[in-house]
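Visitor: Model the following, please.
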Amino acid sequence: MSRIFNVAVVGVGIGRSHIVEGYVPNADKFKVLALCDLNVERMTPIADEFGVERRVTSFDDVLAMDNIDVVDICTPPGLHYSMVMAALKAGKHVICEKPLVGSLAQVDEVIAAEKQSKGMLMPVFQYRFGNGIEQAKAIIDAGIAGKPFMGTVETLWRREADYYAIPWRGKWATELGGVLMGHAIHPHDLFTYLMGDIDRVFGRVATRVNPIEVEDTIAASLVMKSGALASLTATLGSADEITRIRLAFENVTIESDHAAYNPGEKPWTIKPRNDETAAKIDALLKDWKHVPSRFQTQMARFHDALIGAAPLPVTSADSRRSLELVTAFYHSSATGEDVPLPIGPGHPLYESWVPAQFRAA
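Guide: As a prediction, this is how the structure comes out:
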């Protein structure tokens, strides 16, 4: 029988989805022992729903619980850095929602702290998991797809005034960004997961849909390390909602399912250039085993990592790559410059991309 790890979920908004999709289906691997949220009225019915007896409003109380193995941080983005650092210092394993932190400087500090901690850190990128995305990844990793030519990512979602009625949303100090940080960060992660590292970014950001501080519409032109070209577009003003990723390779063209919030689940459209490529794909996938999507598989694979049976399914380095793209986007839009990657300590936005007037004193 595998070890069961005890979990405290901090923040019961998206935290409830972690429980429903991630921990309930993996009840042989995890047990939620505690919930932590400042809003007791919101926390109580969720605790009752899942039979969680331990309910606290203090994060310090969570860290003091000796029998909590995993701290799952689901709070607003502005709180992630301090909570992740404190949990690692306390020797806890840590799961943290996106964005992991609010700058490249912070993510580098987290990576350093992780190396000194007894705990393991897994950022959340749940869209990576499911049959569609994983079959595409398998075809690319097997070398069947061949040379990458071009990729496009469209994140066309809809957010209106009611969404921003929650006080921390739409503000630099608490959300740390807009569509780049809270929405398109997922499809952009899928894109680099499949197409590799970015070499250069030319991007534009704008606020066109809602009267908020942060951006809600973006567009960019990329050059990949492989030499492939790409375009990224996103808006929160679409009438309908889709996430669409289309990748053109030497031997195959791959297009995601268009489901906005779970593009990895259903089979993707795989168009081989010729019969030889089709036969290779059929042979690769003929014994395919179903992969549950989103949090169910990410949490199961985290358990594999905790018991030493597999590497982490998502790493702090993955989060750094996503935040590097965000940093390049903001810098390019502000300066009109093409931004080379990687971005290190000498870059003007390394310490923070948040405009100076919105930074905490």
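
Visitor: Return stretch 256-269 as PDB; C-alpha atoms alone will do.
Guide: Output of stretch 256-269 as PDB, limited to C-alpha atoms (Å, rounded to 0.1, in the frame of the first residue of the first chain):
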ATOM      1  CA  SER A 256      -5.800  21.200 -29.900                       C
ATOM      2  CA  ASP A 257      -9.300  20.500 -28.900                       C
ATOM      3  CA  HIS A 258     -10.900  24.000 -28.500                       C
ATOM      4  CA  ALA A 259     -12.300  23.500 -25.000                       C
ATOM      5  CA  ALA A 260     -11.400  26.700 -23.200                       C
ATOM      6  CA  TYR A 261     -10.600  25.300 -19.800                       C
ATOM      7  CA  ASN A 262      -9.600  21.700 -20.600                       C
ATOM      8  CA  PRO A 263      -7.900  21.600 -24.000                       C
ATOM      9  CA  GLY A 264      -5.800  18.700 -23.000                       C
ATOM     10  CA  GLU A 265      -8.600  16.200 -22.300                       C
ATOM     11  CA  LYS A 266     -10.100  15.200 -25.600                       C
ATOM     12  CA  PRO A 267      -8.000  13.800 -28.600                       C
ATOM     13  CA  TRP A 268      -6.300  16.500 -30.600                       C
ATOM     14  CA  THR A 269      -6.500  16.700 -34.400                       C
END
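
Visitor: Buried residues of that stretch, list them for me.
Guide: Going by neighbour count (16 or more other C-beta atoms under 10 Å), the buried part of stretch 256-269 is Ser256, Asp257, His258, Ala259, Ala260, Asn262, Pro263, Gly264, Glu265, Trp268. All C-beta atoms are positioned from the backbone trio N, CA, C, and that covers glycine.

Visitor: which two from those residues end up farthest apart in space?
Guide: Greatest spacing in those, by C-beta to C-beta: Ala260 and Trp268 (15.1 Å).

Visitor: shouldn't Glu324 be in contact with Ile343?
Guide: Yes. Between Glu324 and Ile343 a contact is recorded at 5.2 Å, counting by C-beta atoms under 8 Å.

Visitor: what do the two both touch?
Guide: The contact sets of Glu324 and Ile343 overlap at Leu104 (C-beta atoms under 8 Å, 6 or more residues apart in numbering).
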